[in-house]
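Colleague: Fold the following for me, if possible:
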Amino acid sequence: IKEGETMGIVGENGAGKTTLIRQIMGFIKSDKGHINIYNMDAYKDSAHTKQFIGYIPGEINFPDVKSGTEFLHSYGASLGMKKDNFDYADEIIKRMQLDIRAYPRRMSKGMKQKTAIVSAFMLKAPIILMDEPTTGLDPLMRDELLTLVEEQKKRGATMFISSNTIEE
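Modeller: So this is what the prediction gives:
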C-alpha cells in the first residue's frame with residue numbers, strides 16, 4: 001500500500017483478514033514473505049512501528065483500568081501523544097456520543113468499539129488499520145465513522161480496512 005492510499009479487503013469469516021492485520025501490527029510472524037513499514041520489518045521492529053499506526057482491533061480487550069478516560073490517557077501518553085491530540089480525542093468522543101467515564105471491561109460492544117475508534121484516530125497516525133471497524137455500531141455511528149475515515153483520507157493518512165460486507 002502506498003502512502004496516502006486507502007485499501008479495503010473483503011472476505012467471509014475465516015478468510016484471513018484479521019490474520020493479515022495482525023501480521024501488519026507485528027503480533028504474529030508471516031510464514032512467507034515480509035511486511036515493511038517505513039523500511040522496518042513489521043514483526044522484528046513492531047515496538048517501533050506501532051508509533052506510526054492507529055489500530056482498531058477486531059477483538060477489543062482493554063487493560064484493567066478504571067475508566068475509558070484513564071485508558072485513552074495512558075495509551076496516548078505511552079505513545080508520546082501531544083496535547084492537541086487529546087483535544088482531538090475529545091472532539092471524536094463527542095461525535096461518537098461516547099460516555100468515556102465507564103469501566104472499559106463492562107462497556108457494551110458498541111461502547112468498546114467507539115473507544116477503540118477514538119484511540120485509533122486520536123493519534124493522528126500516518127497509518128490507520130481497521131479490522132471490521134463498524135461491528136457493534138448503530139447506523140448513525142457507522143455514518144460518523146465513515147465521515148472520520150474521509151477526514152483521515154483528506155489528511156493524507158494511509159488506511160487499511162477489513163470487512164465482510166462489500167458495501168463498506
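
Colleague: what does the host helix or strand of residue 90 contact?
Modeller: Using DSSP states H and E, residue 90 sits within helix 83-95. Contacts with helix 83-95, where a contact means Cβ atoms under 8 Å, 6 or more residues apart in numbering, come from 72, 73, 76, 100, 117, 118, 121, 122, 123, 124, 144, 148. Every C-beta, even on glycine, is put in place using the N, C-alpha and C of the backbone.

Colleague: what's the answer for stretch 96-104, then?
Modeller: With Cβ under 8 Å, 6+ apart, stretch 96-104 has contacts from 62-63, 65-69, 71-72, 93, 111-112, 114-115, 117-118, 141, 144-145.

Colleague: Of the contacts of helix 83-95, just say which sits nearest to residue 16.
Modeller: residue 117 (23.3 Å; Cβ to Cβ).

Colleague: ok, now which ones touch residue 126?
Modeller: 3, 52, 156, 157, 158.

Colleague: Mark which of the contacts of stretch 96-104 are buried, thanks.
Modeller: 62, 65, 68-69, 71-72, 93, 111-112, 114-115, 117-118, 141, 144-145 (16 or more other Cβ atoms under 10 Å).
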